[in-house]
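sequence first, predicted model second:
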Amino acid sequence: MAKEKRQIKMPYEKRKAMYGYGFIALWLVGALIWFLYPLANSLMYSFMEVKPEKGGMKGTWVGLDNYIYVFTGDANYSKYLVNVLIETLWKTPLIIIFSLFIAVILNQKFKGRTFARAVFFLPVIIATGPVYSIINGNISSSGASSAGQFSTMFSTDLMGELFQFIGLYGINENIQKMVEAVSNNIFGIVWNAGIQILIFLAALQNIPVSAKEAAQMEGATAWEYFWKITLPYVSPMILACLIFTVIDSFTSPDNAVMGRVLDMQKDWQYGYAAAMAWIYFIIVLAAVGLITVILNHFIYYEVD
Amino acid sequence: MTAIFKKKQEPAAEGEHIVGNGLSKKQIRQIHMRNMNKEEIAYLKRKEAMDKVWPIARFFILFGLCFIILYPLIYMISCAFRAQEDMSDPTVMWIPRHLTLKILKQTMNAMDFWHTLANTLFLNIGCSLVQVVTCAVTGYGFARFKFKGKNLLFGIVLMMILVPNQIIAIPQYMEFRYCLGIQPLIEKANPTLAQKFNLIDSPLTMYLPALMANGIRAGLMIFIFRQFFKGLPKELEDAAYLDGCGPFRTFIQVMVPNAASSFLTVFLFSVVWYWNDYYVSSTFFTNNSTIALMLKNLNTLLSLELFNSATVEVSPREQIIWMEAGCLLSVTPLLVMYTFLQKYFTEGIERSGLVG
């Protein structure tokens, strides 16, 4: 009781700030031990030639040598890096649009909705693990399994043929290219959109009934409803999903750059691997920072 | 018919009374239509057409995409129960000619399945539970309190999301191996006691970071909780504060019940991430196995189990059945949990819809 009384004398704002520190204290201690210290260590390794030794790592200072070698001595690194960046750039918007679309559909009422939801969330529980790389390998490597049939089904120019069949010749080439990109990579997109669908669906469920009723009374079409009601309400989650998607594709162990870093670690070249990882990380950081700054202008928070 | 004409004079607002008079829905609609202008009728007609076409389009979209998702799973089941010779039989596509449990049993032996499963569950559920609680507390702190350096500290959370595990894995290994540098100090005095301070292979390598909201993908979980709590109306807490409730009690008694659905969602994520992780566990575990690790090494394990040597080659085409059986084994527990939780899960999402 005595403690409480003393706290009451503190100004309200300051007391609340103290509680704020209280809420994050456990995490802060953890972050110092399990995150910041290792991070600083790894940054140090990237300027060193490192050898494991009893009781810790022993390193000799080599300055920027590791970083210089990444760009001049390693032919593969730059190539992998560009590939990964380009792939992330076009795949991320596709995944976001696709998952929002699916979430809106799954939020409607129809027979078999529970089943459909269950199926669409299924990749969530599989896609991050080793099972996915086995499945994915099966599907993309032709001839190794009868799944080869499946891969040809999705990798041939099915959409192009469909357009020809319907008789659509003169449509915009860019649109056609986009449709083809979606259809040819549909497996990767569907399998990587599980969590995004989940987050969007939760956000859709949180749209207040009053907003929905108001829109209905005014006679909003589904199209108008989507742009004027749905999108603003889910916009905070778009940012979350976007960041998640970018990080997911940047840090997955299947990613070529990450694979290269791991190979170097297996070769005991910790210093060099750390330098590669840091260059990569700074690029990712810049990309995500840019996205956040741009998107924060468009986000609508109900309470701020 | 005369009855309808009589009703026509009545204003449209009293439409509810007509329902009671035993008119069919079609008749009621006709009455409503008479009172509408052209624009309203066009809107209704468009809506009607959409209501008829959309379900069919929706069915095709969903059916096609569901097939893409379910295909690998169906293939897994189909492969796991077939005999080796079925793999090279071109007439076998989905339904195996020889149904057998042999492959499944061999894979289970190679993975030491039950023992590994128990170990994985112990790590998985425990760490996830602990981490969901600690991350929620942290996320709430960031969402609702103003304090000095908050932006900087939240920057660290974002860094935790951004920094790939691969960067910090080796320094972390050193921390666990030498117990934060305590072990070398003890070793001089007492070498046998120092052995116990090697945390590699111990479940503590997973539990300690989780306990401090720093486990696998903790940054993302904090971020999700922060976004979620920020979206809840502030009036909830203000009411509690006015009634003399302290921040910690407000969090437990007011915010947590409101956040139940989000807790479930994040818990599900966390269980899955721990289950699927093989990078972190392969760094810290050499003898202590999880299902994901076993599956990653299944190739070598199988050669050892079946032919007593790691070098015998089976044609890659025939290897697939063991791999698929292994996939099936490691996915099944998750699927069971998922189907069980699915019910609570969608309910949780819907309930939170009422709150908002």
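Good, I have the coordinates.

work out for me the element residue 117 sits within.
All of this is about chain A. helix A:113-126 (DSSP states H and E).

look at chain B instead
Per DSSP H and E: helix B:113-144 holds residue B:117.

that helix packs against which elements?
Using 3 or more C-beta pairs under 8 Å, 6 or more residues apart in numbering or on different chains; DSSP states H and E, the elements in contact with helix B:113-144 are helix A:12-31, helix B:150-162, helix B:204-211, helix B:218-231, helix B:260-276, helix B:291-296, helix B:316-355. C-beta coordinates here come from the backbone N, C-alpha and C atoms, glycine included.

give me the mean pLDDT for it.
Averaged over helix B:113-144, pLDDT sits at 91.

returning to what we had before: chain center to the helix holding residue A:117, what's the gap?
The chain centroid and the centroid of helix A:113-126 are separated by 19 Å, computed with C-alpha atoms, centre = their mean, to the nearest Å.

show me what that helix is in contact with.
Helix A:113-126 has contacts (C-beta atoms under 8 Å, 6 or more residues apart in numbering or on different chains) with A:102, A:106, A:132, A:135, A:190-195, A:197-198, A:201, B:62, B:65-66, B:69-70, B:73, B:268-269, B:272, B:275-276, B:331, B:334-335, B:338-339, B:342, B:346.

so how do I select the buried members of those in ChimeraX?
Paste this into ChimeraX to select the buried members of the contacts of helix A:113-126, with burial taken from 16 or more other C-beta atoms under 10 Å in any protein chain shown:
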select /A:102,106,132,135,190,191,192,193,194,195,197,198,201 /B:62,65,66,69,73,268,269,272,275,276,331,334,338,342,346
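
tell me the pLDDT of residue A:191.
84.

circling back to that earlier point, tilt between the helix holding residue B:117 and helix B:260-276?
For helix B:113-144 against helix B:260-276, the angle by axes from the mean of the first three to the mean of the last three C-alpha atoms, to 10 degrees is 140 degrees.

phi, psi of residue A:61?
The phi/psi pair for residue A:61 (degrees, to the nearest 10) reads phi -70, psi 130.

buried ones in the helix or strand containing residue B:110, by neighbour count?
Using DSSP H and E, the element containing residue B:110 is helix B:102-111. Under the neighbour-count criterion of 16+ other C-beta under 10 Å, helix B:102-111 has B:103, B:104, B:106, B:107, B:108, B:110, B:111 buried.

dump those into TSV; add distance to chain A as well.
Formatted as TSV, the buried residues of helix B:102-111 follow (distance: C-beta to the nearest C-beta, whole Å):
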residue	distance to chain A
B:103	15
B:104	16
B:106	17
B:107	13
B:108	16
B:110	15
B:111	12
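
show me the shaky parts of the stretch 251-356 of chain B.
Along the stretch 251-356 of chain B, segments meeting pLDDT under 70 span B:308-318, B:343-356.

let's see 50
B:348-356 (pLDDT under 50).

point me to the residue of it nearest chain A.
With C-beta to the nearest C-beta, the shortest gap between the stretch 251-356 of chain B and chain A falls at residue B:276, namely 3.0 Å.

dump the residue contacts of the closest residue to chain B within the stretch 51-200 of chain A.
Taking C-beta to the nearest C-beta as the measure, the stretch 51-200 of chain A has residue A:129 as its residue closest to chain B, at 3.0 Å. Residue A:129 makes contact with B:275, B:276, B:277, B:278, B:292, B:295, B:330, according to C-beta under 8 Å, 6+ apart.

how close does the fifth one get to residue B:273?
The one in question is residue B:292. Noted for residue B:292: a distance of 11 Å to residue B:273, by C-beta to C-beta, to the nearest Å.
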